[in-house]
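Asker: for reference, the sequence and a predicted model appear below.
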Amino acid sequence: MPDDQLSTTFAALADPTRRAILARLAEGEATVTELAKPFPVSLPAISRHLKVLERAGLISRNRSAQSRPSCLRAEPLEEATQWIETHREMWESRIDRLDEHLKNIQKGKNDD
């Protein structure tokens with residue numbers, strides 16, 4: 001199965017810890033230690049989450065002296081948002097048609 005960007009993005013977003021990390025990085029760059037503070041997991045576990053996010057292109061990691069601060073990259077999130085929006089519009093249209101159909105059925109039953 002090909003490893004496309006959208007699938008990689010959604011796979012990275014599937015984990016609540018990674019979503020929380022992205023929310024924190026939306027406020028500004030942070031080190032692994034800073035990102036790990038609110039979580040009851042080890043620094044290596046947070047590093048593994050960061051690697052997943054980095055592979056998905058959702059963050060970038062810089063070298064700054066002894067630390068490696070991470071920062072959010074919005075482009076993959078924008079692609080995912082566009083995909084969701086397109087499908088949301090399609091499903092809303094289908095639900096509206098179904099709702100109209102059910103109203104017509106109910107109206108036909110009430111006329112009897």
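Answerer: That came in fine, so what should we check first? Given the structure is predicted, the values throughout are model-derived calculations rather than measurements.
Asker: next up, the contacts around the residue nearest the centre of the chain.
Answerer: In the chain, the residue lying closest to the centroid (C-alpha atoms, centre = their mean) is residue 13, at 3.9 Å. If you count contacts by C-beta atoms under 8 Å, 6 or more residues apart in numbering, residue 13 has them with 19, 22, 58, 80. The C-beta positions use only the backbone N, C-alpha and C, and glycine is treated the same way.
Asker: possible to save those residues as TSV with distance to residue 50, secondary structure and neighbour count?
Answerer: Formatted as TSV, the contacts of residue 13 follow (distance: C-beta to C-beta, whole Å; DSSP: H, G, I helix; E, B strand; the rest coil; neighbours: other C-beta atoms under 10 Å):
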residue	distance to residue 50	secondary structure	neighbour count
19	13	helix	13
22	11	helix	20
58	10	coil	25
80	19	helix	18
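Asker: burial of the closest residue to residue 83 other than its chain neighbours, as a residue count?
Answerer: Distance criterion C-beta to C-beta, 6 or more residues apart in numbering; nearest residue to residue 83, sequence neighbours excluded, is residue 6 at 5.9 Å. If you count neighbours by other C-beta atoms under 10 Å, residue 6 ends up with 13.
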